[in-house]
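Participant: can you look at this prediction? I've put the sequence above it.
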Amino acid sequence: MKRGIFMMAGRPPCRPLGIAAILMLAFFMGEGCRRSAPQEERFAVMGTFASVMAGSDECDRTAEYAQICAGKMREIEAQLSLYRKDSELSRLNARAGMGPVRVGAHLRANLVLALRFGELSGGAFDVTVGPLVKMWGFSGGTSPTAWVSTERIEATRRRVGYRRIRLQGDEVSLEGTNMVVDLGGIAKGYAVDVCCDELRRRGARNFVVNLGGNMRCFGRPEASRSWQIGVQNPFQPHEVIGRLDLGDGMAVATSGNYERFVMIGDRRCAHIIDPRTGLPVEGMAGVTVLAATAAEADALSTSLFVLGMEEGGKVAAAITNGAAVFVPDRQPMEVWITPSMTNVFQAGSGVVPRVISNR
């Protein structure tokens, strides 16, 4: 559904799947473990690339941290993958409309979060949106040759609705017979949080976990520096519009329209679909979100992209430590930030951010 990340200090094995919207800034990665530089390990998982970077005082544990995270992420993938027929999520979807299914802790936790953000966003975030996404030619669907008719959109929307997910204890039921739950907009952020919790339990203090652009940082890379990332210019992929200084435990994620899209006639349609209308979202080029957890940042980046600046800014303000950078899909480029972002976002050369009022 969104986001990739790569470290500017080294070239990734290949471009991550999703939207490469966040760039780690200016940490030189030398050969071997050097106390003067943080270290990074990368691996493939959950259909994208992940990485773990340890601070300079823990660089000799980088490979250990990566191994721990890879194991946790693969465990979560086995339960939450939409593309594995033996996953817990696939079994739930197969039982749509057929009564409750007992689920494990990972799936239940993701559904609890999904329902929370469905309500918080007024339905802009909806983990049952998959049929609409596929209808517009994404996630394995066939690209339409003409604009989809209102009748087809409405027929497909009848299969969508997060409020028809029922949770009772460790049992879940999907009320609609053709419903499909897709956790692509939250599961990667959740996996990052699980990994961070596990690393901290094992004594890690200074590290970054990144999964397909969903990132969370703890501690510092070096005693005199904070973790910093650059926010990519959605119109110029090799440029940044500014940087973020991340505090201890903070998470970041980005949604954008500039890498995954289809052309229908002369209209460019982004892969992010508004569940409330069934239409591709228009008007936003990119949204970068800070939050207290990676799962929150993951869900918020999609929610705010759908909601736009005015409504999205209000939702961001309702989240603990929530802050956002909005780039509308128009020229000349504009950069808008929520008030809570003013002390975190350092604009790049020639960029003058405007502050969104939450009133």
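Facilitator: Happy to help now that I have it.

Participant: direction included, what does the longest strand anywhere in the chain pair against?
Facilitator: For the chain, the strand with the greatest residue count under DSSP state E is strand 236-246. Here strand 236-246 has these sheet partners by DSSP bridges: strand 227-233 (antiparallel), strand 345-347 (antiparallel).

Participant: C-terminal to the shortest one, what's the next element?
Facilitator: Pointing back at strand 345-347 there. Proceeding N to C from strand 345-347, the next assigned helix or strand is strand 354-355, under DSSP states H and E.

Participant: and that next one, what does it pack against?
Facilitator: strand 336-337 (3 or more C-beta pairs under 8 Å, 6 or more residues apart in numbering; DSSP states H and E). All C-beta atoms are positioned from the backbone trio N, CA, C, and that covers glycine.

Participant: now the strands for the stretch 251-359 of the chain?
Facilitator: Counting by DSSP state E, counting those that start in this stretch, the segments of the stretch 251-359 of the chain that form strands are 251-256, 261-264, 267-270, 284-291, 323-328, 336-337, 345-347, 354-355.

Participant: now the first one against strand 236-246, angle please.
Facilitator: Regarding strand 251-256 and strand 236-246, their directions subtend 160 degrees when assessed with axes from the mean of the first three to the mean of the last three C-alpha atoms, to 10 degrees.

Participant: quick thing: my sequence starts at 878, can you match it?
Facilitator: Sounds good: first residue 878 from here, last item strand 1128-1133.

Participant: avg pLDDT for strand 1128-1133?
Facilitator: Mean pLDDT, strand 1128-1133: 93.

Participant: what does the longest one give?
Facilitator: Confidence over strand 1161-1168 (mean pLDDT, whole number) is 94.

Participant: kindly list the longest helix within the protein.
Facilitator: Longest helix in the chain by number of residues, with DSSP state H as the criterion: helix 939-957.

Participant: can you list the neighbours in contact with it?
Facilitator: With contacts defined as C-beta atoms under 8 Å, 6 or more residues apart in numbering, helix 939-957 is touched by 910, 916-920, 922-923, 927-931, 935, 961, 963-966, 981, 983-984, 987, 1060, 1064, 1067-1068, 1071-1072, 1075-1076, 1079, 1081, 1084, 1086, 1088.

Participant: residue 941: neighbour count?
Facilitator: Counted with other C-beta atoms under 10 Å, residues neighbouring residue 941 total 16.

Participant: quick check: it vs residue 1092, distance?
Facilitator: When distance is defined by C-beta to C-beta, to the nearest Å, residue 941 is 20 Å away from residue 1092.

Participant: low pLDDT regions in the stretch 878-1027 of the chain?
Facilitator: 878-914 (pLDDT under 70).

Participant: so which residues of it form strands?
Facilitator: 881-884, 897-901, 916-922, 925-931, 978-979.

Participant: partners of the shortest one, with directions?
Facilitator: By that I understand strand 978-979. Strand 978-979 has these strand partners (DSSP bridges): strand 1048-1051 (antiparallel).

Participant: show me what counts as buried in the strand it pairs with.
Facilitator: 1049-1051 (16 or more other C-beta atoms under 10 Å).

Participant: what angle sits between the next helix or strand after that strand and strand 1128-1133?
Facilitator: Heading C-terminal from strand 1048-1051, the first helix or strand you meet, by DSSP H and E, is helix 1064-1078. Going by the same axes, to 10 degrees, helix 1064-1078 is angled at 160 degrees with respect to strand 1128-1133.

Participant: other SSEs contacting helix 1064-1078?
Facilitator: helix 939-957, helix 982-997, strand 1084-1088, strand 1091-1095, strand 1128-1133, helix 1171-1184.

Participant: switch the cut-off to 10 Å
Facilitator: strand 925-931, helix 939-957, helix 982-997, strand 1084-1088, strand 1091-1095, strand 1128-1133, helix 1171-1184 (3 or more C-beta pairs under 10 Å, 6 or more residues apart in numbering; DSSP states H and E).

Participant: off-centre distance for that helix?
Facilitator: The chain centroid and the centroid of helix 1064-1078 are separated by 14 Å under C-alpha atoms, centre = their mean, to the nearest Å.

Participant: so residue 1011 makes contact with residue 1033?
Facilitator: Yes: in this structure, residue 1011 is within contact of residue 1033 by C-beta atoms under 10 Å, at 8.7 Å.

Participant: hey, what's in contact with both of these two?
Facilitator: By C-beta atoms under 10 Å, 6 or more residues apart in numbering, residue 1011 and residue 1033 have no common neighbours.

Participant: ok so, going back, in PDB, list the C-alpha atoms belonging to the longest strand of the chain.
Facilitator: What follows is strand 1113-1123, C-alpha atoms only, in PDB (Å, rounded to 0.1, in the frame of the first residue of the first chain):
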ATOM      1  CA  GLN A1113      11.600  15.100  -7.600                       C
ATOM      2  CA  PRO A1114      12.400  11.600  -6.100                       C
ATOM      3  CA  HIS A1115      16.100  12.300  -5.600                       C
ATOM      4  CA  GLU A1116      15.500  15.500  -3.600                       C
ATOM      5  CA  VAL A1117      14.300  16.100  -0.100                       C
ATOM      6  CA  ILE A1118      12.100  19.000   1.100                       C
ATOM      7  CA  GLY A1119      13.400  18.900   4.600                       C
ATOM      8  CA  ARG A1120      14.400  16.700   7.500                       C
ATOM      9  CA  LEU A1121      12.900  15.400  10.700                       C
ATOM     10  CA  ASP A1122      14.700  15.100  14.000                       C
ATOM     11  CA  LEU A1123      13.300  12.000  15.700                       C
END
